[in-house]
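Asks: task: produce atomic coordinates for the following.
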Amino acid sequence: MGNLKRKSTGGDARSRGTKRSRLHSDGAPIPPLDVVVRGKSFEPTPAFDTFWKLAAERHAIEERRRSGQPPPWTKDPVLQNHKFCNTFRILDRGSQYLVTEVIEKGPQDLEEVTFRVLLFSLYTNISTYETLRKKIRPFTWSEYRRENYEKVLRGLYARGVAIYTGAYQKPAPDLGFAEAFMNHLALMEVLMQEMPDVLSKAEYMADVFEWLQTFKSMGDFTAYQLLLNLSYSNVMSFSDHDFVVMCVGSRRGLRRCFKQDIPRSMEVDLVRWIQSSQDDHFARLRLNFNGLGDQHRPMMLCDIEHTLCELDKYIRKCGQSSKGRPFVGTGELGEIRLPKAWSDKARQIVRIKNEEEAEPDIIEKFVVQSIEAHRVVDGMMEFLVFWEGYDPDEATWEPKDSLMEDAPTMVKAYLKTIT
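Replies: A predicted model of the protein is given here:
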């Protein structure tokens, strides 16, 4: 891993003007740290401290909402006007629903839990899952008949009801159907042929991830999100510290945190260092961070990874001149439900398959491969960008102003196709 050394303050960061954010400024002092991981030194940027401030403030917003305080739940204008995911992934609405309604409701044997988690994860739409569960009896893998699920899904499709959530891009494999939702249903059937056995025999969380990657359309992002969903159940008993996968957004967030180029092979080491040293940074910045639940659990590897992704989005929002719509919570928040499977003592044993990444020491470059769609969010045009060298499921929505700096020719060419 690494160690944390104190060094003199100062820094040569140049101010680029006052930000609207209370949490981030390019002109802020360089954090007084030197990070050493695997013998290589990394010097933090002001964005490194922003990461911790964002993590603490976003979690404080969640706590204020749950305590019954009225909005606004923060004084930060960026967090007031834009939606950001929770610091803890398990607190997101979809994850809470997954635990309470998908995992804990129904037969608890390995095959049945795996089936329900798979079905929910392929569409990640609460309404779709609830419709299937209501219309189909018995709602079990042991009594599964494709025609029953196809009938319900085609009925939703015919009425123009959204089957998928807009949260992720999920390319469907070509398994003989014209519709993506049917190809995903067929993929679920293929996965179920082996997945229960794979889960029961896996020595490492990485083993399950590598097996998932052998299937069409299962890119890094989709496979990792499914793996995390499964980890909330009793079908796996791995530590939260075993395994993490970096996506496009978290890679960019990590690069914002340090001055030096970061080889792909050292990304996970840095994330592990961030996770293990989090108490030091919250204390150094005098941030009140209560952790998760009554046991005050720290941020896990997956929380660090997706908060890095939120950091990249947050800093980009800081640079936008237009104001978005005030963030409004989606109703009252219920009692926090943590997975029962987390109490398994086997999860206290850390099992890391590869202590060091087996990838070459390359510096990641983010090159636009194509622009495939557009939308308007908070009055700002965004484009769906596919990246060179990345799987289709890692496509991301990028704001027009950022893309005009990085790939103006491709933006202009795309705009011509829609005018």
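Asks: tell me the secondary structure for Phe238?
Replies: Recorded secondary structure, Phe238: coil (DSSP: H, G, I helix; E, B strand; the rest coil).
Asks: residue contacts, it?
Replies: 204-205, 231, 347, 351 (CB atoms under 8 Å, 6 or more residues apart in numbering). Any C-beta I mention is one placed from the backbone N, CA and C, and that applies to glycine too.
Asks: that one and Asp269, how far apart?
Replies: 19 Å (CB to CB, to the nearest Å).
Asks: now Thr140
Replies: Taking CB to CB, one finds Thr140 at 43 Å from Asp269.
Asks: more crowded one of the two?
Replies: A direct count of neighbours by other CB atoms under 10 Å for Thr140 and Asp269 places Asp269 higher, at 19 against 15.
Asks: quick check: Arg351 vs Asp240, distance?
Replies: 12 Å.
Asks: neighbour count: those two, which is higher?
Replies: Taking other CB under 10 Å, Arg351 and Asp240 do not tie; Asp240 has more neighbours (21 against 17).
Asks: hmm, the more buried one is touching Met299, no?
Replies: No: between Asp240 and Met299 there is no contact under CB atoms under 8 Å: 9.6 Å.
Asks: run through the stretch 301-419 of the chain and note the low-pLDDT ranges.
Replies: 321-331, 355-366, 378, 388-389, 391, 405-406 (pLDDT under 70).
Asks: how about the strands in it?
Replies: 368-377, 380-387, 396-399 (DSSP state E, counting those that start in this stretch).
Asks: export these to CSV and tack on distance to Ile163 and mean neighbour count?
Replies: Shown next, in CSV, are the strands of the stretch 301-419 of the chain (distance: least, CB to CB, whole Å; neighbours: other CB atoms under 10 Å):
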stretch, distance to Ile163, mean neighbour count
strand 368-377, 18, 14
strand 380-387, 18, 18
strand 396-399, 20, 19
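Asks: which of those strands sits closest to Ser95?
Replies: strand 396-399 (20.6 Å; CB to CB).
Asks: what packs against the closest one?
Replies: strand 380-387 (3 or more CB pairs under 8 Å, 6 or more residues apart in numbering; DSSP states H and E).
Asks: just the CA trace of the strand it packs on, in CSV.
Replies: Presented in CSV, the C-alpha positions along strand 380-387 are these (Å, rounded to 0.1, in the frame of the first residue of the first chain):
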residue,chain,number,x,y,z
MET,A,380,-27.5,22.3,-20.8
MET,A,381,-27.0,20.1,-23.8
GLU,A,382,-25.3,16.8,-23.2
PHE,A,383,-24.0,14.1,-25.6
LEU,A,384,-23.8,10.4,-25.2
VAL,A,385,-20.1,9.7,-25.8
PHE,A,386,-18.5,6.3,-26.6
TRP,A,387,-14.8,6.2,-25.7
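Asks: given that strand, what are its sheet partners and their directions?
Replies: Within its sheet, strand 380-387 is paired with strand 368-377 (antiparallel), strand 396-399 (antiparallel), according to DSSP bridges.
Asks: mind listing what Gln320 touches?
Replies: 380, 399, 401.
Asks: looks like the first one contacts Trp397 (just checking).
Replies: No: taking CB under 8 Å as the definition, Met380 is not a contact partner of Trp397, at 10.3 Å.
Asks: how about the strands of the stretch 51-200 of the chain, start to end?
Replies: Going by DSSP E, counting those that start in this stretch, the stretch 51-200 of the chain shows no strands.
Asks: show me where it dips below the pLDDT cut-off.
Replies: The low-confidence ranges in the stretch 51-200 of the chain, as defined by pLDDT under 70, are 167-169.
Asks: need the helices for it, in chain order.
Replies: 77-81, 93-97, 110-123, 126-135, 146-158, 180-201 (DSSP state H, counting those that start in this stretch).
Asks: between the fourth one and helix 180-201, how many degrees?
Replies: Right, helix 126-135. 80 degrees (axes from the mean of the first three to the mean of the last three CA atoms, to 10 degrees).
Asks: likewise the fifth one?
Replies: Direction vectors for helix 146-158 and helix 180-201, defined by the same axes, to 10 degrees, enclose an angle of 130 degrees.
Asks: start at 776, not 1
Replies: Renumbered: residue one is now 776, and that last one reads helix 921-933.
Asks: what angle separates helix 921-933 from helix 885-898?
Replies: 20 degrees.
Asks: contacts made by helix 921-933 with the rest, please.
Replies: Contacts for helix 921-933 (CB under 8 Å, 6+ apart): 903, 906-907, 910-911, 938, 954, 956-957, 960-961, 964.
Asks: and those, which are buried?
Replies: 903, 906-907, 911, 938, 956-957, 960-961 (16 or more other CB atoms under 10 Å).
Asks: okay, the residues you listed in TSV with distance to Leu894 next?
Replies: Compiled in TSV, these are given as follows (distance: CB to CB, whole Å):
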residue	distance to Leu894
Thr903	9
Thr906	12
Leu907	7
Ile911	10
Ile938	12
Phe956	12
Met957	13
Leu960	8
Ala961	12
